[in-house]
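**Q** After the sequence you'll find the predicted model.
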Amino acid sequence: MNPPSPPRAATESRRRALGRLARFAVGGLGLARLQAAGSPLVTLFFYSPETNVNNFSVLKAEFETYLAPMGGHRFQPFSDRETFEKQLASGADGLYLLSSWHYTQLAARHPLQPLLVGHARGGPIQRHLLFSQESDPSMLRGRRVATAGTRDFARNLLREMLPGQVDLADSIDLLVVPKDIDALMAVGFGAAQAAIATEGGLEKLARINPKQAKGLQPMGKARESLLPVVAAARGIDGALADLLKLLSRMDAGPDGRSRLQLLGIDALRELDDAQKRRLRP
Amino acid sequence: MNRARDMVRPMKRWLSPVGLAEVGRFLGLLSALMLGATDLAAETPTGKVVVVNSDAGIEKYKLAQQAFRESFPGEVSVVDIAHLTERQALRVIRAEAPTALYGIGAKASVAVTKASRGKPVVVSSVINWNRLPEVRSPGVHVVANELPSQTQLTLFRYFFPGVKRVGVLCSRDYNRQWLAGAVAAGKDVGIEVIGVPVRSARSVDSGLAELLPKVDALWVASDPVVLADEASVRRLFAAIAAARKPSFTYASAFAEFGPTLIVAPDVPTIGRQAAGILKARANGGAKEVQSPAGSEIILNLGAVRDYGLQLNEEARDSVNRFIR
């Protein structure tokens, strides 16, 4: 499951030329298939500090099953940030699916280009909140807060959601759980005194178990952020263009949509200028 | 039921991608240590926690131990007592001079309570922990082994919003109170929980026959009478399948019997919870009993299709494993 070996430069150059010719000749119609037939495979690398991803084999199997008849591109989820960033720094050929929070940090160090953004429930925006049954944040000093994010992501959010109270934010003990809904329910069962979750996460709980959701009040609010983005570390041509097109059309059919839902999104759409500005480091 | 095989599955899942290759693991550990330094330095407990594992060869126990070590900022040593008698285990544990103890599994949990001599103790991964007098004692903190019925029902409802009536068999003697709680929890999520109490293993078949026509799905809940042994588990799931009813249950060990949905506790979260309890109660404190805070979901898509169930597609992001 290592990334594909780079093809010889001459072969690659011929393929790119053929790709350009094909683009010119057929005007883009059926381009994805043509490119897939002649282009090397590329990989969609995925890492998200916003979720404690623990279903790697499901993600990998589901995405690669979907991609197999469409050019056979690969999907590679990562469990830790450093390995993902090393992959990016190594110049591995592929696209990168990552949280917008992580993107803005990486874009300061790497020449990344944002291309697509995830949409869920009709939009590309999310907001994290700190939910608790208490109303006074000082009650959280030294206590436990559940989160589905990584520790550094959650700690960063806490500092943002408890402005001017870095001491308080840093005193909190984080309990990392697999999903937003676990974090929210952990408060109801006393395993944590508060939970970091998205507004969407609470809405979801409210639809299923309104009584549990009703007891949770927002104690702090983070800034709105974009859902995960797809980015490239080099120019888009050949196989990358092919994969990008596939990704942007995944929501057109039930097979693609069901794969996107594994990541908590409904679609991947092109970023507009305002969204690109929001991603500037 | 092959519990050993089931124990191995989560590890395979964790180890399958390239991202978990050796270098990744090393870097992950390094990053955890670095972040931990930022995260936990102010609260680093002094002394040494001894983690006592009933059998580190059992994957679930190993995962809990690993998650504890990654989450606990102080000194930790591990003792595996799989091949030790109780007397030998106590000697080995005491020789470690612990300032706090974490017991994983029943054997280790009994051992740590006996070896503790008043030091803080937390235990996990003990089936029916409240039947062990040593674990019930006031100074022993517990992370329970099963998700609360509210959590199981909430997640079942999340996946299958169309299911309105769920049946459950449970023993009259052991689970009467639990059933009352489950019925109330069902009301919170819009599910009518219909319980049929059974007196003995012999009355399970008649109880099931009474229940099946009244419900949309069966909930196979933890019960020492209904699930007395492997044969009774196998027979129960077979009868539910023969009646063409979906079922959901609480343990990944039952995956091979074909339930539609399994809502099990996430084992690494249990280890992290144990670490959190010992961090907060380094000096003892009042007994704390926590339910598992994380869930592991296994969804049987073949059963969803066969029974024509309406699946909430949005819920796919919560699935750890699909069975097709």
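**A** It's in. Numbering: from 1, shown residues only, chains lettered A, B, ... in the order given.

**Q** going forward, measure contacts and count neighbours with C-alpha atoms only.
**A** Fine.

**Q** Name the residues of the helix or strand harbouring A:Asp152 that come out as buried.
**A** Under the criterion of DSSP states H and E, A:Asp152 resides in helix A:151-161. Judged by neighbour count (16 or more other Cα atoms under 10 Å in any protein chain shown), helix A:151-161 contains these buried residues: A:Arg151, A:Asp152, A:Phe153, A:Ala154, A:Arg155, A:Leu157, A:Leu158, A:Arg159, A:Glu160, A:Met161.

**Q** try stretch A:189-200
**A** Residues of stretch A:189-200 classed as buried by neighbour count (16+ other Cα under 10 Å): A:Phe189, A:Ala191, A:Ala192, A:Gln193, A:Ala194, A:Ala195, A:Ile196, A:Ala197, A:Thr198, A:Glu199.

**Q** so which residue of chain B comes closest to chain A?
**A** Of all residues in chain B, B:Asp317 sits closest to chain A, at 3.9 Å by Cα to the nearest Cα.

**Q** Give the helix, strand or coil label for that residue.
**A** Under DSSP: H, G, I helix; E, B strand; the rest coil, B:Asp317 falls in the helix class.

**Q** where's it relative to A:Thr104, distance?
**A** As judged by Cα to Cα, to the nearest Å, B:Asp317 and A:Thr104 stand 24 Å apart.

**Q** what does B:Ala201 give?
**A** For B:Ala201, the distance to A:Thr104 - Cα to Cα - is 60 Å.

**Q** next one: A:Thr65
**A** Distance check for A:Thr65 against A:Thr104: by Cα to Cα, it reads 31 Å.

**Q** quick one: low-confidence ranges for the chain?
**A** Answering for chain A, as no chain was given. By pLDDT under 70, the low-scoring segments of chain A are A:1-39, A:53.

**Q** try chain B instead
**A** The model of chain B has pLDDT under 70 over residues B:1-45, B:282-285.

**Q** The closest residue to B:Ile191 other than its chain neighbours - how many residues pack around it?
**A** Take B:Ile191 and drop its neighbours on the chain: the residue closest to it by Cα to Cα, 6 or more residues apart in numbering or on different chains is B:Lys164, 4.8 Å away. Counted with other Cα atoms under 10 Å in any protein chain shown, the neighbours of B:Lys164 add up to 16.

**Q** give me every residue that touches B:Lys164.
**A** With contact taken as Cα atoms under 8 Å, 6 or more residues apart in numbering or on different chains, B:Lys164 is in contact with B:Gly190, B:Ile191, B:Glu192, B:Asp216.

**Q** Quick one: the residues you listed as a markdown table, columns for neighbour count and secondary structure too.
**A** Output for the contacts of B:Lys164, formatted as a markdown table (neighbours: other Cα atoms under 10 Å in any protein chain shown; DSSP: H, G, I helix; E, B strand; the rest coil):
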| residue | neighbour count | secondary structure |
| --- | --- | --- |
| B:Gly190 | 19 | coil |
| B:Ile191 | 21 | coil |
| B:Glu192 | 19 | strand |
| B:Asp216 | 16 | coil |
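
**Q** export the residues you listed to JSON lines and tack on distance to B:Arg157?
**A** Below are the contacts of B:Lys164 laid out as JSON lines (distance: Cα to Cα, whole Å):
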{"residue": "B:Gly190", "distance to B:Arg157": "8"}
{"residue": "B:Ile191", "distance to B:Arg157": "8"}
{"residue": "B:Glu192", "distance to B:Arg157": "11"}
{"residue": "B:Asp216", "distance to B:Arg157": "12"}
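
**Q** Return the member of those nearest to A:Gly142.
**A** Nearest to A:Gly142, judged by Cα to Cα, of the contacts of B:Lys164 is B:Gly190 at 36.4 Å.

**Q** roughly how far apart are B:Ala253 and B:Ala315?
**A** In terms of Cα to Cα, B:Ala253 sits 22 Å off from B:Ala315.

**Q** swap in B:Ser149?
**A** Taking Cα to Cα as the measure, B:Ser149 and B:Ala315 are separated by 19 Å.

**Q** Which stretches in the stretch 1-150 of chain B count as helices?
**A** B:3-15, B:22-40, B:59-71, B:86-95, B:106-115, B:133-136, B:149-159 (DSSP state H, counting those that start in this stretch).
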